[in-house]
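**Q** structural data only, the sequence is not supplied:
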């Protein structure tokens, strides 16, 4: 209860500040190279599912853009955007396409604005010809 009182008096983290442009990257290099998933379907899934400011799914407007390069998906937001929400949607995509058992979503140590899809530790990497 003391936490709630302290947070209320301080105004919470970042009170009164407006966040600028935020960019997150989902690096799918390994799964795409192994042909476990297609990057275009992840981009389409994110465009259809991202909700902006409590609105309807897929109604991104000008505030959020989803783009892809060879094996990376970039999500750029003009306002506040939760990194955790992006991870949630990525996991939801993996579950829908039945690859959640083989892949995990990991935040890269080098840069905290990058998520990386990696094979789970107990699995051996197989190359598909």
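**A** Sure, I can see it. What you see is a predicted model, and the numbers here were worked out from it, not measured in a lab.
**Q** what's the local residue count around residue 110?
**A** 7 (other Cβ atoms under 10 Å). Using the backbone N, CA and C atoms, a C-beta is placed for each residue, glycine as well.
**Q** any idea whether it is helix, strand or coil?
**A** coil (DSSP: H, G, I helix; E, B strand; the rest coil).
**Q** spatially nearest residue to the residue nearest the centre of the chain (excluding sequence neighbours)?
**A** Closest to where the C-alpha atoms of the chain average out (Cα atoms, centre = their mean) is residue 86, at 2.9 Å. Nearest in space to residue 86, with sequence neighbours left out and distances taken as Cβ to Cβ, 6 or more residues apart in numbering, is residue 24 at 5.4 Å.
**Q** what about the strands in the protein?
**A** Along the chain, counting by DSSP state E, strands occupy 22-27, 64-68, 72-77, 103-107, 114-119.
**Q** in JSON lines: those strands, plus mean neighbour count and mean pLDDT.
**A** What follows is these, written out as JSON lines (neighbours: other Cβ atoms under 10 Å; pLDDT from 0 to 100):
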{"stretch": "strand 22-27", "mean neighbour count": "18", "mean pLDDT": "91"}
{"stretch": "strand 64-68", "mean neighbour count": "16", "mean pLDDT": "91"}
{"stretch": "strand 72-77", "mean neighbour count": "19", "mean pLDDT": "92"}
{"stretch": "strand 103-107", "mean neighbour count": "16", "mean pLDDT": "90"}
{"stretch": "strand 114-119", "mean neighbour count": "19", "mean pLDDT": "88"}
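**Q** quick check: mean pLDDT of the helix ranked longest in the chain?
**A** As assigned by DSSP state H, the longest helix anywhere in the chain is helix 83-96. Regarding helix 83-96, the rounded mean pLDDT is 92.
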